[in-house]
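1. Okay, sequence plus prediction incoming.
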Amino acid sequence: MKAATKFIHAGVHPDPSTGAIMTPIYQTSTFVQDGPGKHKGYEYARTQNPTRTQLQNALAAAENGKYGISFSSGLAATDTLLKLFKPGDEIISTNDLYGGTYRLMRKVWEPYGLKFRFIDMSEAGTISSYITPATKMIWLETPTNPLIRIIDIKACAAIAKQAGALLAVDNTFASPYLQNPLDLGADIVMHSATKYIGGHSDVVHGCIITNDKEIADQLYFLQNACGAVPGPQDCFLLLRGLKTLHVRMQRHCENGEQIAHFLRRHSKVNKVHWCGFEDHPGYAIAKAQMHGFGGMISFELKDNTLAAAERVLSSTKLFACAESLGGVESLIGHPASMTHASIPRAERIANGLADSLIRLSVGIEDADDLKADLEQALG
């Protein structure tokens, strides 16, 4: 089944009781049983909900996986995944990643005994030198947030397998339309489905997809035991968003390409981070493992000061200054003070994240209007 058909149909079915083509919102906290343990597959809405079941099936199909597990946010999904490990276990992660993930790892889980290494994974071969007997998982983003670095998923999968470790990929920036890590050897895929999968900036959600039944069973147990589950209304909105993912991503990619080249030609821009440039260090890998280069871009001004960046951020009219990404509307943000503020400044600077870096989530508006907006803001 091709992607466009899959996102609309796979994993979901008309409601058997009414024939409703859209999955109903089962807004109920509990389910009546004929007697103790005699039920129709649903007992209590934290444990199961029919709307969530349909969504989990659809998300699994979108990533070419067998098992989908939904959570109340992307961080709730990541937090639940980290509960698979015990004190002394080590996770190797990229040094360019979402600040919330870094905060969760460093501030929440490290005090409980998990160990984390944050390294440059641009050359996958260097990861092997950091592997120890305690290494249980490699965690990566690609493209990375916010410097749009590319990591070779297939190479990382081989390294993880040799080490007896899991490979987990945060696929939020790419979406299931542009990249499918399970097909490239990853064990686990995570999405902040708030972003491209939802696509309309109206829901917070996270999910994990895997082909490994043992991992899935552990995550289903933790999902129920710890309770970070989404409500049925949220699941309904995600099901709706998934149906248009392919057409939205096509426009995000088209607009992203135009904006990236516009910025690169601009006299006031020093450097543009976008993996679709042929001279991008990860271009060949991105072209091989992705189906397009996406709408996430970051750039640095020639006036490399925080004041100059703030002037641009406060001057756009169509690009809204806000956290998050992946919605139909274009967003502009300042990672150092917004999405990545939880990372110590010295560490951010050492990893290449300057105070003046600006991040764009290019929406699906008319590209000429977006360029005009950036032109006036840069001017």
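-> Nice, I can see it. In this text the structure is predicted, and so the values were computed from the model without any measurement.
2. Is Leu360 part of a helix or strand, or is it coil?
-> Put simply, Leu360 is strand when judged by DSSP: H, G, I helix; E, B strand; the rest coil.
3. Show the residue spans covered by the strands in the stretch 101-250 of the chain.
-> 115-119, 135-141, 166-170, 188-191, 206-210 (DSSP state E, counting those that start in this stretch).
4. Nearest to Arg46, out of these?
-> strand 206-210 (16.0 Å; Cβ to Cβ). To be clear about C-beta, it is placed using only N, CA and C from the backbone, and glycine gets the same treatment.
5. gap between the closest one and the chain center?
-> Mean-position distance between strand 206-210 and its chain equals 10 Å (Cα atoms, centre = their mean, to the nearest Å).
6. Equivalent analysis for stretch 24-37, please.
-> Centroid separation for stretch 24-37 versus its chain: 32 Å, with Cα atoms, centre = their mean.
7. re the thing from before, just send the strands of the stretch 101-250 of the chain back as TSV, with mean pLDDT too.
-> Formatted as TSV, the strands of the stretch 101-250 of the chain follow (pLDDT from 0 to 100):
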stretch	mean pLDDT
strand 115-119	97
strand 135-141	98
strand 166-170	98
strand 188-191	98
strand 206-210	98
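8. okay if I get those as a markdown table plus mean neighbour count?
-> Listed next are these as a markdown table, based on neighbours: other Cβ atoms under 10 Å:
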| stretch | mean neighbour count |
| --- | --- |
| strand 115-119 | 16 |
| strand 135-141 | 24 |
| strand 166-170 | 26 |
| strand 188-191 | 28 |
| strand 206-210 | 27 |
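9. Dump those strands into CSV; add distance to Ala322 as well.
-> What follows is those, written out as CSV (distance: least, Cβ to Cβ, whole Å):
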stretch, distance to Ala322
strand 115-119, 26
strand 135-141, 20
strand 166-170, 20
strand 188-191, 20
strand 206-210, 19
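10. among these, which is nearest Ile148?
-> strand 135-141 (10.2 Å).
11. Does anything pack onto the closest one? Which helices or strands?
-> strand 90-94, helix 153-163, strand 166-170 (3 or more Cβ pairs under 8 Å, 6 or more residues apart in numbering; DSSP states H and E).
12. helices or strands up against the lengthiest helix in the chain?
-> Longest helix of the chain, by residue count under DSSP state H: helix 245-265. Counting contacts by 3+ Cβ pairs under 8 Å, 6+ apart, helix 245-265 packs against helix 3-9, helix 175-178, strand 269-273, strand 296-301, helix 367-378.
13. Let me see the mean pLDDT of the first one.
-> In this case it means helix 3-9. Helix 3-9 shows a mean pLDDT of 92.
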